[in-house]
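Novice: From the sequence below, what's the structure:
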Amino acid sequence: MSGSSVPSLSQWTQEHLKAVLDAASEEAFHTAFDAFISKHVHINVNGKHITREQYKQLLLGEKTFGTTAAPCTLLFEAVVEVPADSSHPAMAGTVGLFYEAVVTGRYVVLGVPNTSTIRSSLNIVITPDTSLAHEGTGYTLDTRRVSHLNEVVVDEENPMVHPKPRRASRRTSLTSPPPDANATTIVSASA
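Specialist: Residues are numbered from 1 along each chain as shown. Below is the predicted model of the structure:
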(Lines give C-alpha, C1' and ligand atoms only; values in the text may rest on other atoms or scores of the structure.)
Protein backbone atom coordinates (compact mmCIF):
# COMPACT_ATOMS: atom_id res chain seq x y z
CA MET A 1 0.00 0.00 0.00
CA SER A 2 1.38 3.39 -0.85
CA GLY A 3 1.38 5.98 1.91
CA SER A 4 -0.79 8.44 -0.01
CA SER A 5 -3.68 6.00 -0.54
CA VAL A 6 -3.78 4.69 3.03
CA PRO A 7 -6.34 6.41 5.25
CA SER A 8 -5.05 7.83 8.52
CA LEU A 9 -5.67 5.81 11.67
CA SER A 10 -8.52 8.16 12.62
CA GLN A 11 -10.14 7.91 9.18
CA TRP A 12 -9.72 4.13 9.14
CA THR A 13 -11.34 3.82 12.57
CA GLN A 14 -14.28 6.07 11.71
CA GLU A 15 -14.91 4.35 8.36
CA HIS A 16 -14.79 0.86 9.87
CA LEU A 17 -16.93 1.73 12.89
CA LYS A 18 -19.54 3.30 10.60
CA ALA A 19 -19.50 0.20 8.36
CA VAL A 20 -20.17 -2.03 11.39
CA LEU A 21 -22.94 0.14 12.86
CA ASP A 22 -24.51 0.92 9.48
CA ALA A 23 -24.48 -2.60 8.00
CA ALA A 24 -27.73 -3.27 6.12
CA SER A 25 -27.56 -7.07 6.38
CA GLU A 26 -26.18 -9.60 8.81
CA GLU A 27 -23.65 -10.70 6.19
CA ALA A 28 -22.47 -7.10 5.72
CA PHE A 29 -22.21 -6.73 9.50
CA HIS A 30 -19.97 -9.82 9.84
CA THR A 31 -17.80 -8.69 6.91
CA ALA A 32 -17.40 -5.19 8.37
CA PHE A 33 -16.70 -6.55 11.86
CA ASP A 34 -14.02 -8.95 10.56
CA ALA A 35 -12.37 -6.13 8.57
CA PHE A 36 -12.22 -4.02 11.77
CA ILE A 37 -11.51 -6.34 14.70
CA SER A 38 -8.59 -8.80 14.81
CA LYS A 39 -9.37 -12.43 15.54
CA HIS A 40 -6.82 -12.18 18.37
CA VAL A 41 -8.16 -8.98 19.96
CA HIS A 42 -8.15 -8.16 23.67
CA ILE A 43 -11.41 -6.38 24.64
CA ASN A 44 -12.62 -4.57 27.77
CA VAL A 45 -16.09 -3.02 27.86
CA ASN A 46 -17.09 -0.97 30.90
CA GLY A 47 -14.15 -2.41 32.84
CA LYS A 48 -14.91 -6.07 32.09
CA HIS A 49 -12.94 -8.37 29.81
CA ILE A 50 -15.11 -9.96 27.11
CA THR A 51 -14.35 -12.18 24.15
CA ARG A 52 -14.43 -11.13 20.51
CA GLU A 53 -17.61 -13.15 20.02
CA GLN A 54 -19.27 -11.49 23.04
CA TYR A 55 -18.37 -8.07 21.64
CA LYS A 56 -19.76 -9.05 18.24
CA GLN A 57 -23.01 -10.18 19.89
CA LEU A 58 -23.14 -6.94 21.90
CA LEU A 59 -22.98 -4.89 18.69
CA LEU A 60 -25.23 -7.28 16.80
CA GLY A 61 -27.86 -6.93 19.52
CA GLU A 62 -28.18 -3.26 18.58
CA LYS A 63 -28.86 -3.98 14.92
CA THR A 64 -31.93 -4.65 12.89
CA PHE A 65 -31.81 -5.84 9.31
CA GLY A 66 -34.42 -5.89 6.58
CA THR A 67 -37.26 -3.54 5.77
CA THR A 68 -37.27 -1.76 9.14
CA ALA A 69 -33.52 -1.14 9.08
CA ALA A 70 -32.49 2.47 8.90
CA PRO A 71 -28.97 3.86 8.67
CA CYS A 72 -27.58 4.82 12.03
CA THR A 73 -26.89 8.44 12.83
CA LEU A 74 -23.25 8.58 13.87
CA LEU A 75 -21.55 11.65 15.30
CA PHE A 76 -17.86 11.66 16.19
CA GLU A 77 -17.48 14.24 18.94
CA ALA A 78 -13.69 14.00 19.26
CA VAL A 79 -10.96 11.85 17.71
CA VAL A 80 -7.26 11.72 18.53
CA GLU A 81 -4.54 9.44 17.17
CA VAL A 82 -0.97 8.65 18.11
CA PRO A 83 0.98 6.77 15.42
CA ALA A 84 3.30 3.99 16.58
CA ASP A 85 5.92 4.95 13.96
CA SER A 86 6.26 8.52 12.70
CA SER A 87 7.79 7.30 9.41
CA HIS A 88 4.64 5.20 8.71
CA PRO A 89 1.95 7.06 10.69
CA ALA A 90 -1.07 5.36 9.09
CA MET A 91 0.04 1.75 9.60
CA ALA A 92 -0.22 1.31 13.38
CA GLY A 93 -0.96 3.27 16.50
CA THR A 94 -3.56 4.24 19.06
CA VAL A 95 -6.86 5.99 18.41
CA GLY A 96 -9.18 7.45 21.01
CA LEU A 97 -12.60 8.72 20.08
CA PHE A 98 -15.88 9.74 21.58
CA TYR A 99 -18.98 9.08 19.53
CA GLU A 100 -22.75 9.08 19.73
CA ALA A 101 -24.85 6.79 17.55
CA VAL A 102 -28.61 6.53 17.18
CA VAL A 103 -29.43 3.03 15.95
CA THR A 104 -32.70 1.42 14.93
CA GLY A 105 -33.57 -1.52 17.14
CA ARG A 106 -35.21 -4.86 16.45
CA TYR A 107 -38.72 -4.03 17.66
CA VAL A 108 -41.55 -2.23 15.86
CA VAL A 109 -44.53 -0.93 17.83
CA LEU A 110 -47.50 0.48 15.90
CA GLY A 111 -45.33 0.75 12.81
CA VAL A 112 -42.58 2.71 14.58
CA PRO A 113 -39.19 1.02 15.14
CA ASN A 114 -37.54 1.54 18.49
CA THR A 115 -34.23 3.41 18.60
CA SER A 116 -31.50 3.75 21.14
CA THR A 117 -28.66 6.19 21.62
CA ILE A 118 -25.19 4.80 22.21
CA ARG A 119 -22.62 7.09 23.81
CA SER A 120 -19.11 5.70 23.79
CA SER A 121 -15.54 6.52 24.65
CA LEU A 122 -13.50 4.10 22.57
CA ASN A 123 -9.74 3.59 22.77
CA ILE A 124 -8.17 1.15 20.34
CA VAL A 125 -4.75 -0.05 19.29
CA ILE A 126 -4.40 -0.73 15.56
CA THR A 127 -1.68 -3.06 14.33
CA PRO A 128 -1.01 -4.99 11.12
CA ASP A 129 -2.50 -8.47 11.52
CA THR A 130 0.21 -10.84 10.30
CA SER A 131 -2.22 -13.78 10.32
CA LEU A 132 -3.92 -12.34 7.22
CA ALA A 133 -2.13 -13.95 4.29
CA HIS A 134 -2.32 -12.11 0.99
CA GLU A 135 0.62 -13.49 -0.98
CA GLY A 136 -0.24 -14.31 -4.55
CA THR A 137 -3.62 -12.55 -4.54
CA GLY A 138 -2.52 -9.91 -7.03
CA TYR A 139 -3.61 -6.99 -4.87
CA THR A 140 -2.55 -5.30 -1.68
CA LEU A 141 -4.58 -6.13 1.39
CA ASP A 142 -5.09 -3.68 4.25
CA THR A 143 -4.07 -5.87 7.18
CA ARG A 144 -4.70 -3.26 9.86
CA ARG A 145 -7.01 -4.51 12.59
CA VAL A 146 -7.93 -3.54 16.14
CA SER A 147 -5.72 -5.61 18.46
CA HIS A 148 -6.78 -3.97 21.74
CA LEU A 149 -10.11 -2.31 22.46
CA ASN A 150 -11.19 -0.53 25.63
CA GLU A 151 -14.67 0.98 25.59
CA VAL A 152 -16.83 2.79 28.10
CA VAL A 153 -20.34 2.72 26.67
CA VAL A 154 -23.88 3.60 27.66
CA ASP A 155 -26.86 2.46 25.60
CA GLU A 156 -30.11 4.27 26.34
CA GLU A 157 -33.48 3.38 24.86
CA ASN A 158 -35.08 6.41 23.20
CA PRO A 159 -38.75 7.19 23.87
CA MET A 160 -41.11 5.89 21.21
CA VAL A 161 -42.70 8.73 19.24
CA HIS A 162 -45.80 7.57 17.41
CA PRO A 163 -47.34 9.52 14.55
CA LYS A 164 -50.38 11.53 15.54
CA PRO A 165 -53.63 10.04 14.22
CA ARG A 166 -55.40 12.07 11.58
CA ARG A 167 -58.68 13.56 12.68
CA ALA A 168 -61.76 12.27 10.92
CA SER A 169 -64.03 14.70 9.15
CA ARG A 170 -67.45 15.39 10.69
CA ARG A 171 -69.20 13.62 7.80
CA THR A 172 -67.12 10.44 8.19
CA SER A 173 -67.54 10.50 11.96
CA LEU A 174 -71.33 10.64 11.67
CA THR A 175 -71.53 7.71 9.26
CA SER A 176 -69.06 5.49 11.08
CA PRO A 177 -70.30 2.84 13.49
CA PRO A 178 -69.69 3.51 17.19
CA PRO A 179 -66.22 2.36 18.23
CA ASP A 180 -65.91 -0.97 19.99
CA ALA A 181 -63.79 -0.67 23.12
CA ASN A 182 -61.85 -3.79 22.17
CA ALA A 183 -61.35 -3.06 18.46
CA THR A 184 -59.30 -0.63 16.44
CA THR A 185 -61.25 1.35 13.84
CA ILE A 186 -59.49 2.99 10.93
CA VAL A 187 -61.37 6.05 9.71
CA SER A 188 -60.61 7.64 6.38
CA ALA A 189 -60.70 11.43 6.29
CA SER A 190 -60.85 11.56 2.50
CA ALA A 191 -64.49 10.58 1.99
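
Novice: Please name the residues that touch the closest residue to residue 130 other than its chain neighbours.
Specialist: Distances taken as C-beta to C-beta, 6 or more residues apart in numbering place residue 143 nearest to residue 130, at 7.3 Å, with adjacent residues excluded. Any C-beta I mention is one placed from the backbone N, CA and C, and that applies to glycine too. Each residue near residue 143 by C-beta atoms under 8 Å, 6 or more residues apart in numbering is listed here: 128-130, 132, 134.

Novice: Which one of the residues you listed is nearest to residue 94?
Specialist: Residue 94 lies nearest to residue 128 out of these, by C-beta to C-beta, at 14.3 Å.

Novice: The closest one and residue 141, how far apart?
Specialist: Per C-beta to C-beta, to the nearest Å, residue 128 is found 10 Å from residue 141.

Novice: the more surrounded of the two?
Specialist: A count of neighbours by other C-beta atoms under 10 Å puts residue 128 above the other of residue 128 and residue 141, at 15 against 12.

Novice: Using a markdown table, lay out the contacts of residue 143 together with pLDDT, secondary structure and distance to residue 78.
Specialist: Output for the contacts of residue 143, formatted as a markdown table (pLDDT from 0 to 100; DSSP: H, G, I helix; E, B strand; the rest coil; distance: C-beta to C-beta, whole Å):
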| residue | pLDDT | secondary structure | distance to residue 78 |
| --- | --- | --- | --- |
| 128 | 92 | strand | 26 |
| 129 | 89 | coil | 27 |
| 130 | 83 | coil | 31 |
| 132 | 80 | coil | 30 |
| 134 | 63 | coil | 34 |
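
Novice: May I ask which of these has the most neighbours?
Specialist: residue 129 (18 neighbours).

Novice: ok, residue 21 - how many residues close by?
Specialist: Residue 21, neighbours per other C-beta under 10 Å, totals 21.

Novice: Dihedrals phi and psi, it?
Specialist: phi -70, psi -20 (degrees, to the nearest 10).

Novice: how much space between it and residue 116?
Specialist: 12 Å.
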